[in-house]
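# Sequence and predicted structure, then a few things I'm wondering about:
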Amino acid sequence: MKLVIQIPCYNEESSLPVTLQALPEKIAGIDEIEILIINDGSKDRTVEIARQYGIKNFVDMPHNCGLARAFVAGLNKSLSMGADIIVNTDADNQYCADDIEKLVKPILEGEADIVIGSRPVAQIKHFSPLKKLLQKFGSFVMRIISSTDVEDAPSGFRAFSRNAALQLNVFDNYTYTLETIIQAKAKKLEIKCVPVNVNPEMRKSRLFKNMFEYVRRSMFTMLRMFIIYRPFRFFAILAGIFLVIGALIGLRFLWFYIKGSGTGHIQSLILSAILVITGVQIGVIAVVSELLAINRKLLEDIQKRIKLQDLKNF
């Protein structure tokens, strides 16, 4: 059983040594552990330092492509290295490396395909009260959208089985954390959360400029992924809203018409007709989007088979 620990890096020369030194050398049930550095366009001595610590596996991005692209490149490289389990952690040493064993255990025992480390958000000292509130609220919204029990949706401390890694696609250029949760549920991959610890902050987050930008982009990502992976539900709900409102306005007109004063409310009839027609059109879009979703699933099955075939040729 081979474990690959992948670490996306962007100018991490100061924190990477601490991160590498903390990584476990042995884990129960794991025969081999390899470290993979994803160099996301670093301009400092990140790669040089990694080599000094004996790291031999690298992915070099052509420029700073962002966390999502680096994550996907890492998954693909890890699979080509023969990984049975892939753990993703950050180069800033924010996650406690001793908890990697907690992440891989549910996969080793066949209980999960993806394991997410749940941080004690309320107890993290370097998180502001606003950030703690938004983290909890975001995870709450994600649980509703994804129909999962994920406790800490933004956590990047995760373990993936080989089967899960073969099936995951990331379309967002910003982050993979939210998108992969919705994908996993849609693809019937089992997700489990385990409590993990965090280390003191070594540097400020580079993922977003401010908290409000993070919230805006996260909400957009959740909505976008919900439309992609739950298209019929999304458009059916939207169609239902138009149809119900249109029907209520139509009933209002009918009430006045029966009472003999329908002439003065003809605008209600027009508005009702517009809303009902719009609702029907959106309903048609719901059906078409479901057909497209079925086609996407077929293409993803083909993609998985191609990946497996490519891996056999390595």
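Looks like it arrived, so ask away.
# Show me which residues of the helix or strand encompassing Glu213 are buried.
If you go by DSSP states H and E, Glu213 is part of helix 211-229. Across helix 211-229, burial judged by 16 or more other CB atoms under 10 Å covers Tyr214, Arg217, Ser218, Thr221, Met222, Met225, Phe226, Ile228, Tyr229. No exception for glycine: its C-beta is placed from N, CA and C like everyone else's.
# Lys136: which of these is nearest?
Taking CB to CB as the measure, Lys136 sits nearest to Ser218 out of these, at 13.0 Å.
# Who's the closest spatial neighbour of Val18, skipping the chain neighbours?
Leaving aside its sequence neighbours, Val18 sits nearest to Asn93 (CB to CB, 6 or more residues apart in numbering; 4.8 Å).
# tell me the phi and psi of the one you found?
When read as degrees, to the nearest 10, the backbone of Asn93 gives phi 60, psi 30.
# wouldn't it be in contact with Asn197 here?
No. Using CB atoms under 8 Å, Asn93 makes no contact with Asn197, being 11.8 Å away.
# quick one: which of those two has more around it?
Using other CB atoms under 10 Å, the more surrounded residue of Asn93 and Asn197 is Asn93, with 24 against 15.
# which ones are touching that one?
Ser15, Val18, Thr19, Ala22, Asn199, Met202 (CB atoms under 8 Å, 6 or more residues apart in numbering).
# Please give me every residue in contact with the last one.
This means Met202. Listed by CB under 8 Å, 6+ apart, the contact partners of Met202 are Ser14, Ser15, Val18, Asp92, Asn93, Gln94.
# Ile27 versus Thr148, what's the distance?
26 Å (CB to CB, to the nearest Å).
# Please apply the same query to His63.
34 Å.
# Between these two, which has more neighbouring residues?
Taking neighbours as other CB under 10 Å, His63 and Ile27 compare with Ile27 leading, 18 against 7.
# In a helix, that one, correct?
No. Counting by DSSP: H, G, I helix; E, B strand; the rest coil, one finds Ile27 to be coil, located in no helix.
# quick one: the helices in the stretch 201-314 of the chain?
Counting by DSSP state H, counting those that start in this stretch, one finds helices in the stretch 201-314 of the chain at the ranges 211-229, 231-258, 266-312.
# tell me, which of those is the model least confident about?
With a mean of 79, helix 211-229 has the lowest mean pLDDT of the helices of the stretch 201-314 of the chain.
# Now do it: which elements does it pack against?
If contacts are counted by 3 or more CB pairs under 8 Å, 6 or more residues apart in numbering; DSSP states H and E, helix 211-229 sits against helix 129-146, helix 177-186.
# got the CA positions of stretch 20-33 in CSV?
Output in CSV follows, covering the C-alpha atoms of stretch 20-33 (Å, rounded to 0.1, in the frame of the first residue of the first chain):
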residue,chain,number,x,y,z
LEU,A,20,8.8,18.4,5.6
GLN,A,21,10.4,17.7,9.0
ALA,A,22,7.0,17.0,10.5
LEU,A,23,5.9,14.5,8.0
PRO,A,24,5.6,10.9,9.2
GLU,A,25,8.1,8.3,8.0
LYS,A,26,5.9,5.3,9.0
ILE,A,27,2.2,4.8,9.2
ALA,A,28,0.4,1.6,10.2
GLY,A,29,-1.0,-0.2,7.1
ILE,A,30,1.2,1.8,4.7
ASP,A,31,4.2,0.0,3.1
GLU,A,32,5.7,3.0,1.3
ILE,A,33,5.5,6.8,1.7
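# Now do the contacts for Asp99.
With CB under 8 Å, 6+ apart, Asp99 has these contacts: Gly117, Phe157, Val194, Val196, Asn197.
# can I get the helices of the stretch 201-314 of the chain in TSV with distance to Ser161?
Formatted as TSV, these follow (distance: least, CB to CB, whole Å):
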stretch	distance to Ser161
helix 211-229	20
helix 231-258	27
helix 266-312	13
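# Which one of those lies nearest to Glu32?
Closest among the helices of the stretch 201-314 of the chain, using CB to CB: helix 266-312, at 16.7 Å.
# Please enumerate the strands of the stretch 51-200 of the chain.
Ranges of strands in the stretch 51-200 of the chain, per DSSP state E, counting those that start in this stretch, are 57-60, 85-88, 114-118, 158-161, 191-195.
# any chance of the ones you listed in JSON lines, plus distance to Lys77?
Output for the strands of the stretch 51-200 of the chain, formatted as JSON lines (distance: least, CB to CB, whole Å):
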{"stretch": "strand 57-60", "distance to Lys77": "5"}
{"stretch": "strand 85-88", "distance to Lys77": "10"}
{"stretch": "strand 114-118", "distance to Lys77": "18"}
{"stretch": "strand 158-161", "distance to Lys77": "13"}
{"stretch": "strand 191-195", "distance to Lys77": "23"}
